[in-house]
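Undergrad: sharing a model prediction with you, sequence too.
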Number of protein chains: 2
Amino acid sequence: MPMRLDSQQADFATRFGDLLGGKREASVEVGDAVRSIIEDVRQRGDEALVELTNRFDRTSYAPGELRITEQEIAAASDRVSPEVRAALETAHRRISAHHQKQLPQDHIYQDEIGVTLGTRWTPLEAVGLYVPGGLASYPSSVLMNAIPARVAGVERIAMVVPTPDGALSDAILAAANIAGVSEIYRVGGAQAVAALAYGTHTIARVDKIVGPGNAFVAAAKRQVFGQVGIDMIAGPSEVLVIADHSANPAWVAADLIAQAEHGMGAQSILVTTDGRMADAVAAEVDRQLKLLPKQQIARDGWEEFGAIITVPDHDSAVQLANQLASEHVELAVDDPEPLMRKIRHAGAIFLGHHTPEAIGDYVGGSNHVLPTARSARFASGLGVLDFVKRTSVLGCTPSSLSALSEAAITLAEIEQLDGHGRSVSLRLNR
Amino acid sequence: MPMRLDSQQADFATRFGDLLGGKREASVEVGDAVRSIIEDVRQRGDEALVELTNRFDRTSYAPGELRITEQEIAAASDRVSPEVRAALETAHRRISAHHQKQLPQDHIYQDEIGVTLGTRWTPLEAVGLYVPGGLASYPSSVLMNAIPARVAGVERIAMVVPTPDGALSDAILAAANIAGVSEIYRVGGAQAVAALAYGTHTIARVDKIVGPGNAFVAAAKRQVFGQVGIDMIAGPSEVLVIADHSANPAWVAADLIAQAEHGMGAQSILVTTDGRMADAVAAEVDRQLKLLPKQQIARDGWEEFGAIITVPDHDSAVQLANQLASEHVELAVDDPEPLMRKIRHAGAIFLGHHTPEAIGDYVGGSNHVLPTARSARFASGLGVLDFVKRTSVLGCTPSSLSALSEAAITLAEIEQLDGHGRSVSLRLNR
């Protein structure tokens, strides 16, 4: 059974603290192994990349076979059913349209003393996109990672995807094709991250690496950070549903199950102002789990990490939501907007009874790559801003330089950087 | 002597490649030592923090003495000269005014089928600001890190600064006071980073840690990334001056020296379209170095890492600038704007003859925390966006959910996430 809490019980603070602090993934210390792999790929390039790939993925590629050809991509795309292709294209169209609105504007202006100040945005040139192989291989993730990069204006998107025992999903290749990925390589793990970060003969180095992966991939991204940019390290997924008496318990239960079926530590939490709703949802989860073809993962996740919390009012629910800082927050209430305004920490907020989180996973248009494990306290979901960078611009006239010179020279002096002060004073006409 | 290159010589590509790939800092492998320190502070809290602080900084603080009191801050501020206080206030006013313009806007809209889509920005609650002690202790850096956080709306800024042998600069405390830092602790190193990331009895945990530090601090930030957000790992500073015949060689030389005097691998590069300018600047650097009170650091830096490159035209200069992706780029030409538009990778661009980089370090108003070591390819300088995060908002009506349902259910099916599909289909009236 999932945890049942009541915010008005005496031991609530302690039990909620346990929920907040609970660990949902095994921490595997792979840093040293990853360090050797990265060093090996840096030193020996393709030779190491092929060796490691063939060893870990049980394949027998030659270096010339690492890149997936355009013919292979086209063939895979053709094998995908028309329904799936149409769904991928709908998703692509909606995600692109929404991300277009995230493009930042340059802004250069002159201040009151004639100093030119400003911000210019430019896209990254090359981005590496890591796509997991096997179970967690999701075409929707290819779209969610590649589209913001394309919208930002990134010219080159190099995708890597491991092919354990040679297997690779057609839908993954079709999604990459639709999203405008420029190159695809059948490599994965820390070796793929190393190749993207430092470059090999086959894979030119990129400027930033994004996309989810296992513990080896996460450790490798952490280690190459600085050489290249990286996105967040993704943790187990989570949803918080805030429901009052107006919610439909069957719908809420379905959303809790949808989260739990991700497995791997995924967490579903219901916070409700209505004790009968708590019971009704719990019963509905049980009932619906029995109908799910692959119910075991969802049931295990719900029982191990799930929670149902009753609270006296909406404001108490908001308070817990801000402490949980969940990846996904659903507001299953009749008037979600005032609640939404009060939620400060969340990756994404889903409004009202007709917005199951799954819509956001696929075709809503917003991004499904969101901060997990309470990192919504400080991080944002993936977007166009992750694929552009800001250059600041500063320009002085002789008179504005003169107006600022005294303060600059004074600060250079206390910092004992005489050369800094001289570079200013030399330019003054006195 | 600094390296002299001519882009039209046969071996240019190789020699420029060496310049690009040259390592300017010793890589110290301190990861294991840092891992123990972090674990120790996590386990033993203040007890470990005090022990490690007293050992590394040769101090003898009790836990109750770690926080610098308001009286101490006020006293230090009073000891700072009126000129310095005025300069800090000028800097504070200008940096605040410019960063105000970086505040992002919420944007929530309805699309053509009635789906509500949008972006809400909220400030982080608590930020940790690392300030180095000793030589590289710069009050201007306190302003540059704290002001964007304050402008963003961060309520709590907890600053840590080591006090080797108990020493602490009055100007640092004065700058922190002016910038609205809420708490200051006399701790540094990996132990301070651990305390900020995980919290101790004395120091409550923060959501993000920013600010420069030594190899231990950099390694600690890398290790706590995910638990908290971090800013870029700062490398040695660098300037690229692009100068044509219109430049003043004495001014250009002063700017190259100002960069070199940072030491610790700082790099100054001149790219010029004018061979005589190359010679004149080289001679001026020699002449001016002799006038500098602490000339040795600047001379060593210039001779070890400096470079003068002649190119045939402005476009060749831009091409090299984009390969170097320098932290600072100065355009010492009469008409800098067209050149500026062509520079794609740079932390900050300084326009024309009257904008020495030092103005940007102190009082220009833009931020001096900028991407180093070619990371301007993928990273931006510090700004308000580093202290806010985006929550995405999605809302469907019954009819827009219905319009999107087929594509969502199809994608859930190929990803074998039946619960996702059911959470959509359950809500349809059919």
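TA: Nice, thanks for sending it over. Residues are numbered from 1 along each chain as shown, chains lettered A, B, ... in the order given.
Undergrad: alpha carbons only for contacts and neighbour counts from here, please
TA: Noted.
Undergrad: in CSV, list the C-alpha atoms belonging to stretch A:25-36.
TA: Taking Å, rounded to 0.1, in the frame of the first residue of the first chain, the C-alpha atoms of stretch A:25-36 are listed here in CSV:
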residue,chain,number,x,y,z
GLU,A,25,17.3,5.3,-7.1
ALA,A,26,20.2,3.2,-6.2
SER,A,27,23.4,5.4,-6.2
VAL,A,28,25.9,3.4,-8.3
GLU,A,29,29.4,4.7,-8.0
VAL,A,30,30.8,4.4,-11.5
GLY,A,31,32.9,7.5,-11.6
ASP,A,32,36.3,5.6,-11.9
ALA,A,33,35.1,3.2,-14.6
VAL,A,34,33.7,6.1,-16.5
ARG,A,35,36.9,8.1,-16.1
SER,A,36,38.9,5.3,-17.7
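Undergrad: which residues touch that stretch?
TA: With CA atoms under 8 Å, 6 or more residues apart in numbering or on different chains as the test, stretch A:25-36 has contacts from A:190, A:215, A:216, A:219, A:220, A:223, A:235, A:236, A:264, A:265.
Undergrad: ok, 7 Å please
TA: With contact meaning CA atoms under 7 Å, 6 or more residues apart in numbering or on different chains, stretch A:25-36 is reached by A:190, A:215, A:216, A:219, A:220, A:265.
Undergrad: what about those residues, which are in strands?
TA: Counting by DSSP state E, the contacts of stretch A:25-36 place none of their members in strands.
Undergrad: so which of those residues sit within helices?
TA: If you go by DSSP state H, those have A:190, A:215, A:216, A:219, A:220 in helices.
Undergrad: can you select the buried ones from those residues in ChimeraX?
TA: Buried members of those, defined by 16 or more other CA atoms under 10 Å in any protein chain shown, are picked up in ChimeraX with:
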select /A:190,215,216,219,220
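Undergrad: of the ones in helices among the contacts of stretch A:25-36, closest to chain B?
TA: Comparing the ones in helices among the contacts of stretch A:25-36 against chain B with CA to the nearest CA picks out residue A:219 as the nearest, at 10.1 Å.
Undergrad: what sits against the residue lying closest to residue A:98 once chain neighbours are set aside?
TA: Distances taken as CA to CA, 6 or more residues apart in numbering or on different chains put residue A:365 closest to residue A:98, at 5.6 Å, once the chain neighbours are dropped. Contacts for residue A:365 (CA under 7 Å, 6+ apart) come out as A:94, A:95, A:98.
Undergrad: quick one, grab the pLDDT at the residue in the stretch 51-200 of chain A that chain B sits nearest to.
TA: Residue nearest to chain B within the stretch 51-200 of chain A: residue A:87 (4.4 Å; CA to the nearest CA). As predicted, residue A:87 sits at a pLDDT of 98.
Undergrad: which residues does it contact?
TA: So residue A:87 contacts B:407, B:410, B:411 (CA under 7 Å, 6+ apart).
Undergrad: what about 6 Å?
TA: Under the criterion of CA atoms under 6 Å, 6 or more residues apart in numbering or on different chains, the neighbours of residue A:87 are residue B:407.
Undergrad: do the same with residue A:391
TA: A:119, A:120, B:346, B:347, B:348.
Undergrad: need those residues in a markdown table with distance to residue A:387, can you?
TA: Below are the contacts of residue A:391 laid out as a markdown table (distance: CA to CA, whole Å):
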| residue | distance to residue A:387 |
| --- | --- |
| A:119 | 16 |
| A:120 | 14 |
| B:346 | 15 |
| B:347 | 15 |
| B:348 | 18 |
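Undergrad: quick check: the two most widely separated of these?
TA: A:119 and B:346 (11.5 Å; CA to CA).
Undergrad: comparing the two, which shows the higher neighbour count?
TA: Using other CA atoms under 10 Å in any protein chain shown as the criterion, residue A:119 and residue B:346 rank with residue B:346 on top: 35 against 21.
Undergrad: so that one makes contact with residue B:376?
TA: Yes. Between residue B:346 and residue B:376 there is a contact at 5.3 Å, judged by CA atoms under 6 Å.
Undergrad: what's the overlap in contacts for these two?
TA: residue B:325.
Undergrad: about what we covered before: what helix or strand does the residue of the stretch 51-200 of chain A closest to chain B sit in?
TA: Using DSSP states H and E, the element containing residue A:87 is helix A:82-100.
Undergrad: now the element after that helix, going C-ward?
TA: Counting by DSSP H and E, the next helix or strand C-terminal to helix A:82-100 is strand A:107-110.
Undergrad: which helices and strands sit right next to that next one?
TA: Judged by 3 or more CA pairs under 6 Å, 6 or more residues apart in numbering or on different chains; DSSP states H and E, strand A:107-110 is in contact with strand A:116-123.
Undergrad: keeping just the C-alphas, turn the helix or strand harbouring residue A:14 into CSV.
TA: Here residue A:14, judged by DSSP H and E, is contained in helix A:12-21. C-alpha atoms of helix A:12-21 as CSV (Å, rounded to 0.1, in the frame of the first residue of the first chain):
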residue,chain,number,x,y,z
PHE,A,12,3.0,14.6,9.8
ALA,A,13,6.1,16.7,9.7
THR,A,14,8.3,13.7,10.3
ARG,A,15,6.5,11.4,7.9
PHE,A,16,6.4,14.1,5.2
GLY,A,17,10.1,14.7,5.8
ASP,A,18,10.7,11.0,5.2
LEU,A,19,8.8,11.3,1.9
LEU,A,20,10.8,14.3,0.8
GLY,A,21,14.1,12.8,1.7
